[in-house]
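Undergrad: This is a predicted model, with the sequence first.
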Amino acid sequence: MAPQAVPGHSGRVKAVAIIVNIIHNTSDYLPKVLRFLNVAFDSSGDCLLAGDHQGNIYVFDLYGNRFNLVQRTAQACTALAFNLHRKSEFLVALADYSVKCFDTVTKELVSWMRGHESSVFSISVHASGRYAITTSSDTAQLWDLDTFQRKRKLNILQSVGIQKVFFLPLSNTILSCFKDNSVFAWECDTLFCKYQLPAPPESSSILYKVFAVTRDGRILAAGGKSNHLHLWCLEAKQLFRIIQMPTKVRAIRHLEFLPDSFDAGSNQVLGVLSQDGIMRFINIQTCKLLFEIGSLDEGISSAVVSPHGRYIASIMENGSLNIYSVQALTQEINKPPPPLVKVIEDLPKSKLNAGDLKVKVTSRRVQLPSKSRESKIQTRILKQDLAGHCENKENELSEGLSKKRLQVLLKGYGEYPTKYRMFIWRSLLQLPENHTAFSNLIDKGIHAAFLNLQKNYPIKSRKLLRVLQRTLSALAHWSAIFSDTPYLPLLAFPFVKLFQNNQLICFEVIATLIINWCQHWFEYFPNPPINVLSVVENVLAFHDRTLLQHFMEHDITSQLYAWPLLETVFSEVLTREEWLKLFDNVFSNHPSFLLMTVVAYNICSRAPLLNCNLKDDFEYFFHHRNNVDISVVIREVYHLMDTTPADIHPNSMLDAFVSLTKGQYPVFNKYPKFVVDYQTQERERIRNDELDYLRERQTVEDMQAEVDQQRDEYEAWYQKQELLRKAEETRREMLLQEEEKMIQQRQKLAAVKRELKVKEMHLQDAARRRFLKLQQDQREMELRRLDDEIERKVHMRDREIATTAKDLEMRRLELESQKRLYEKNLSTSQEAIAKEMREDADAYRRKVDLEEHMFHKLMETHQTQIQNTQKLIEENLAKAEQACLNTDWRIQALRKQRSGDLQRNECYQETAKLLQKNRRKEIEVLNALSEEEAKKWEEAKEKDFHLKSERKVSALSDASRKWFLEKEISDAVEHAERPHGKVVPRCQNEQVASSCFPATSQSSDISEMDSSTRISLSQRRVQWDGVERDLMERVRNLRQRLTARARHRCQTPHLLAA
């Protein structure tokens, strides 16, 4: 298979504008057109890369005028790129979402890039050719073409979508355009967002679909489903112009700037491809339309401009490829202005006649074609002129056409011009074009007889099937016989395929054919037309009796060699061109021409038919194409028309041509109505029976489906129960494992708790030992302090004893010494008493601190016991709740253990009651402690009051002691005057005076003095003598007397008053 280059033509440009028109056909017996899908220029602009829908990639060398097949990918390509830095390599995106790189010279695969999850519709290559961006609807990926590794990937939300991502020319900027009209510019190396274009104004807001950028990268053109075109200045980042295209433009499908060698990249010409398939090139500065390519008949689907701006490659809607010369397109624009003086010349009369001169006037040019070959080519190019004047030529009936002249033209050329064939047919058949009547037939919908047309006639094209179904339904609504005619689809199909874009013309052509060329076909309905076939057999017997005798010898009737040709109107045995050529002659002659064609076809096929001996061979021959020249057949038909006798000529049987009536279609009732009615009734009965059967069958199927559904539900339920059972067993095993793990964890936890308890006991033991040691140290310190105090007191007593000894030795100084010793002893006793009181206070404070510490420790121990009890209660409650939950969960499966669960529940309740009782007792204990605390506070207050009273007593004691001292001084003075024998009363007075001290201090002092005296006497018993004992006894007696006297005086009224 290879592309074929044919001379191009377009209705919008001159003939020289199209360099070549490339049509890709297969080389099979039945040629098939392969459609081109994508095209791309290389960086030089002289080579073109094109790919078709079968995956064939071709390189076209426009400079060397040759092409080459470089790759077969076996799948359709969705995008191409041919401007890589290695000139022989190109990128192709395939239908399997992959991107491949091939070499045009070696034709080998260079790399295979994957990563997209949807079709890649755009490939943009960097100006250096070393990077490429592939874009799909959900992502864009940046590739390094040196290593063919993906550098970056742009992921977006599915709700946004990507329109296009591409490099700006001659820059390092990437432009990304999204479906929400947002446009971002990114730095290629760092992918840093450079800027974002603002939203377009609401007055002209459109959804951008297509984009184009000038070669200098300064202007961005954007368009969409609107006739407005937005021009953005990328330097100023603002919209600077909105261009409104003509009203014919409803949507913009593609945009391409046309480069110019002298514009320094600031392109001024923009190509705009609209929905009508026409690409209009406009000047974006002057907003003028410069030229157009494409037409309504030959629309453009996509276009690419070469980098240097010399060529425009466009893929047409029919799949062909057109290459235009920009120089030829702009020649009329760049030509010098016309001269001011124009001369009108007369043409020779010999060259002017009514048949040769056709003037076509348009808004842009006037053409005067002639009969020469050159003018014929110009007429082909003037499709734009015909579009203005003859665009609706099929809808107009020319009064200048003559059937006789058309027959003369037909005999001369053998067929009508392809361009005007439909127009001539409509003129020959005199179609009335009853739009209203046809609409009424169409409005009745699809006839019941053709609802299942696709089952009997599977047609690949849905559109063609739909048109055939509507046309047959319209015929059935027009006449009831056509709903029962089995060969009607075969008869109508070639005309439906030919007129599928104009159903009215198709219906009227078939109706005209039935009324005129199918006369007497339905008289023997539902059997084949025996009378018509007998006429064909008579003509064949007259012109070729040998062939008829051969048919008769092999039991071949006219229903086999004539009827298959008639019911299919030769569409099975002829190609499209041969069939059109035949019906050019059929419609131009008498209706008997069709019957003569059957005879002529058999006569022209005489040799192969005489060689056939089997019935299957004959059937195959008349249902398939054969090697028969249709021109020879047509000439033979004309010969038969002229040489057939009148008595057997079909003209005598068939009426002349009658066209359809205007306004309403004629009534068609040339058939046995009772047979058709009977068949219609029978068919209606059968249809009703079939409907009943189908209804009952549907009911049975529904019941069967319901049964199957129930069975499936049961199976699913059983499977679900089995799965649940297995899941239950699995979970039970898991629970057992978890319980074992929990038991192990509890054992570990208990071991840890035991270790913690042991550590806690060790710590408590260590703390207790430390506290005992501290107490021992404190006691040792206290003992040392007492020893020091005793030693000090002993030392003081020694000094007193020494002083007393000196007093005894020195009699003459007895009074003075006794006085000084008394004063000294008195001060020492006061200091000792004060010290003893301080010691008593310190001992009391330590005792209170120790009691408080023990009390707090008792409280902490009790609180710890309460907390442990609460924890134990909480754990027991949690266990009780868990046991209750487990009991509830196992009620249905473990009913035999109900009694044990009830006993356990009672135990839990009793435990809860005991816990409540314990809480009440704890509350009572706490209340008792609170009362004890209150009592302690009251006792403290009483002791405080007692202390205050003691202080008052001490004050009174001081006053009494002062009085006593004064009295003793006076007594001492008196004693000094008395003899020595009166010493005993003095000691008695001292004892009385010593009795005035408080009772609490007396008891403690006496005990303390006794203990200290015992220790000192035991240590120094040898050294003390009887004098010391007498002296100490006297001192003790003196103190007692002083204390008793003080108490006695505190109780006297005059001291209280004082």
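TA: Yes, it's here.

Undergrad: For the rest of this, base every contact and every neighbour count on C-alpha atoms.
TA: Will do.

Undergrad: all strands in the stretch 51-200 of the chain, in order from the N-terminus.
TA: Taking DSSP state E, counting those that start in this stretch as the criterion, the stretch 51-200 of the chain carries its strands at 56-61, 66-72, 77-81, 89-94, 99-103, 109-113, 120-125, 131-136, 139-144, 149-155, 162-167, 173-178, 183-187, 193-196.

Undergrad: where exactly do the helices run in the stretch 701-850 of the chain?
TA: For the stretch 701-850 of the chain, helices defined by DSSP state H, counting those that start in this stretch occupy the ranges 814-889.

Undergrad: Give the residue spans of it that score low on pLDDT.
TA: Across the stretch 701-850 of the chain, the ranges flagged by pLDDT under 70 are 807, 813-818.

Undergrad: now do 80
TA: For the stretch 701-850 of the chain, the stretches with pLDDT under 80 are 804-830, 834, 841, 845, 848-849.

Undergrad: Then the stretch 301-450 of the chain?
TA: For the stretch 301-450 of the chain, applying pLDDT under 80 flags the ranges 330-402.

Undergrad: What segments of it are strands?
TA: Taking DSSP E, counting those that start in this stretch to define them, one finds strands in the stretch 301-450 of the chain at 311-316, 321-325, 360-361, 366-367.

Undergrad: would TSV of those with distance to K913 be doable?
TA: TSV is the format used below for those (distance: least, CA to CA, whole Å):
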stretch	distance to K913
strand 311-316	96
strand 321-325	100
strand 360-361	117
strand 366-367	119
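
Undergrad: So L239 lies in a strand, does it not?
TA: Yes - L239: assigned to a strand according to DSSP: H, G, I helix; E, B strand; the rest coil.

Undergrad: In three-state terms, how would the closest residue to it other than its chain neighbours be classified?
TA: Leaving aside its sequence neighbours, L239 sits nearest to W232 (CA to CA, 6 or more residues apart in numbering; 4.4 Å). Of the three states, W232 takes strand under three-state DSSP.

Undergrad: which residues pair with W232 across the strands?
TA: Beta-bridge partners for W232, by DSSP bridges, are L220, L239.

Undergrad: What's the local residue count around I252?
TA: 25 (other CA atoms under 10 Å).

Undergrad: no, scratch that, I was asking about Y208
TA: Residues near Y208, counting by other CA under 10 Å, number 24.

Undergrad: I'd guessed F551 sits against T557; true?
TA: Yes - with contacts counted by CA atoms under 8 Å, F551 reaches T557, the gap being 6.8 Å.

Undergrad: just to revisit the earlier point, ok, of the strands of the stretch 51-200 of the chain, where does mean pLDDT dip lowest?
TA: Across the strands of the stretch 51-200 of the chain, strand 149-155 has the smallest mean pLDDT, namely a mean of 84.

Undergrad: what does that one rub up against?
TA: By CA atoms under 8 Å, 6 or more residues apart in numbering, the surrounding residues in contact with strand 149-155 are M113, D138, T139, A140, Q141, L142, W143, D144.

Undergrad: Same question for stretch 164-179.
TA: 122-127, 133-135, 140, 160-163, 183-189, 207-211, 213-217.

Undergrad: For L168, give me the backbone phi and psi.
TA: Note on L168: backbone dihedrals following degrees, to the nearest 10 are phi -80, psi 140.

Undergrad: In terms of pLDDT, where does it sit?
TA: pLDDT, L168: 90.

Undergrad: L69 is in contact with I57, isn't it?
TA: Yes - here L69 reaches I57: they are 6.1 Å apart, a contact under CA under 8 Å.

Undergrad: Look at those two and report which has more neighbours.
TA: I57 (24 against 18).

Undergrad: which residues does that one contact?
TA: I57 makes contacts with L49, A50, G51, L69, V70, Q71, R72, T73, as judged by CA under 8 Å, 6+ apart.

Undergrad: Give me the pLDDT value at T1052.
TA: 51.

Undergrad: what does the one 3 residues further on give?
TA: In the predicted model, L1055 carries a pLDDT score of 38.

Undergrad: tell me the secondary structure for Y693?
TA: Under three-state DSSP, the three-state class of Y693 is helix.

Undergrad: Distance-wise, check it relative to L453.
TA: 21 Å (CA to CA, to the nearest Å).

Undergrad: So for those two, which residue has more residues nearby?
TA: A direct count of neighbours by other CA under 10 Å for Y693 and L453 places L453 higher, at 17 against 13.

Undergrad: Count residues in the vicinity of the closest residue to the more buried one other than its chain neighbours, would you?
TA: Excluding its sequence neighbours, the residue lying closest to L453 (CA to CA, 6+ apart) is Q469, at 7.1 Å. Using other CA under 10 Å, Q469 has 22 neighbouring residues.

Undergrad: How much space separates Q469 from P526?
TA: When distance is defined by CA to CA, Q469 is 21 Å away from P526.

Undergrad: residues near V628, how many?
TA: Neighbour tally, V628, other CA under 10 Å: 13.

Undergrad: Quick check, it in contact with C604.
TA: Yes - using CA under 8 Å, V628 is in contact with C604, at 7.2 Å.
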